[in-house]
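Undergrad: got a predicted model here, sequence first, then my questions.
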Amino acid sequence: MMELSKRVKGALDGLASSDLSSRVGAVEELAACSSAIAAHVAASFEVDEEARFLIFERLGRFGSLMIEPMERVYQQADDHSLKLMSASALLYLGSKVGVSSLMAAIRPEDPNLYMATISLASAGFSEAAEPIESALLECEISDTQTLECLVSSLRKLNYPMSDRVRLRLSEVEPKWLRDSLLD
């Protein structure tokens with residue numbers, strides 16, 4: 001890490017040079033350092049469970065630099081939650097590498113259902129609408145948080161609720177909740 005710090009300092013000093021080739025070389029070195037930093041962030045995301053959510057929330061700050069290292073994390077992940085979190089981050093960053101895993105998580109019994117549906121809906125992935133609707137039909141009527149998440153995701157996708165879904169949601173109590181889901 002100390003070596004990376006020295007490289008960054010040297011490149012920043014190179015930007016101040018009067019020599020054009022030194023300034024261009026400094027920019028190249030800073031780009032290489034940025035890629036190395038992104039790889040370190042992805043490695044921390046992968047192994048540091050305590051900080052994983054905090055890192056997840058901030059990955060977008062690195063933009064496209066994070067795609068390649070996060071694709072590596074996704075492809076090598078053995079843990080289901082890590083795989084889905086990395087897939088979600090990748091979708092936010094513009095990569096569709098993990099979409100199949102997110103789609104497979106759209107099942108009421110999957111603990112990552114919320115993340116999968118919210119990620120796919122936020123990305124405007126319209127192919128998720130039918131599986132979301134199917135999950136809505138399978139979901140326990142008493143599981144109002146999941147119903148709210150699924151309905152919200154369908155709305156975000158501008159997907160009209162089918163009559164089957166409307167009939168299913170008409171069973172929700174209390175009335176105010178039923179009305180909010182059906183509006």
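TA: That came through fine.
Undergrad: so for stretch 86-100, mean pLDDT?
TA: Stretch 86-100 shows a mean pLDDT of 97.
Undergrad: so how far is that stretch off the chain centroid?
TA: 6 Å (Cα atoms, centre = their mean, to the nearest Å).
Undergrad: which helix in this protein runs the most residues?
TA: Assignment by DSSP state H gives helix 20-47 as the longest helix of the chain.
Undergrad: and the next helix or strand after that one, average pLDDT?
TA: For helix 20-47, the succeeding helix or strand toward the C-terminus, using DSSP states H and E, is helix 52-58. On average, the pLDDT along helix 52-58 is 95.
Undergrad: now helix 52-58: buried residues?
TA: For helix 52-58, the neighbour count (16 or more other Cβ atoms under 10 Å) marks Arg52, Ile55, Phe56 as buried. Yep, even glycine has a C-beta here, placed from its N, CA and C like the rest.
Undergrad: cool, and stretch 91-98?
TA: Residues of stretch 91-98 classed as buried: Leu91, Tyr92, Leu93, Ser95, Val97, Gly98 (neighbour count, 16+ other Cβ under 10 Å).
Undergrad: how much space separates the closest residue to Gly63 other than its chain neighbours from Arg58?
TA: In this structure, Gly63 finds its nearest non-sequential neighbour in Leu93, 7.3 Å apart by Cβ to Cβ, 6 or more residues apart in numbering. Applying Cβ to Cβ, to the nearest Å, one obtains 12 Å for the distance of Leu93 from Arg58.
Undergrad: hang on, the earlier thing: reformat the buried residues of helix 52-58 as JSON lines; add distance to Trp176.
TA: What follows is those, written out as JSON lines (distance: Cβ to Cβ, whole Å):
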{"residue": "Arg52", "distance to Trp176": "36"}
{"residue": "Ile55", "distance to Trp176": "38"}
{"residue": "Phe56", "distance to Trp176": "33"}
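Undergrad: name the nearest of these relative to Thr144.
TA: Minimum separation from Thr144 among these (Cβ to Cβ) is found for Phe56, which lies at 26.0 Å.
Undergrad: wait, isn't that closest one in contact with Ala87?
TA: No - contact criterion Cβ atoms under 8 Å: Phe56 and Ala87 do not qualify, at 11.4 Å.
Undergrad: mind listing what the nearest residue to Ser44 once chain neighbours are set aside touches?
TA: Sequence neighbours aside, Ile55 is the residue nearest to Ser44 in space, at 6.1 Å (criterion: Cβ to Cβ, 6+ apart). By Cβ atoms under 8 Å, 6 or more residues apart in numbering, the contact set of Ile55 is Val41, Ser44, Phe45, Asp48.
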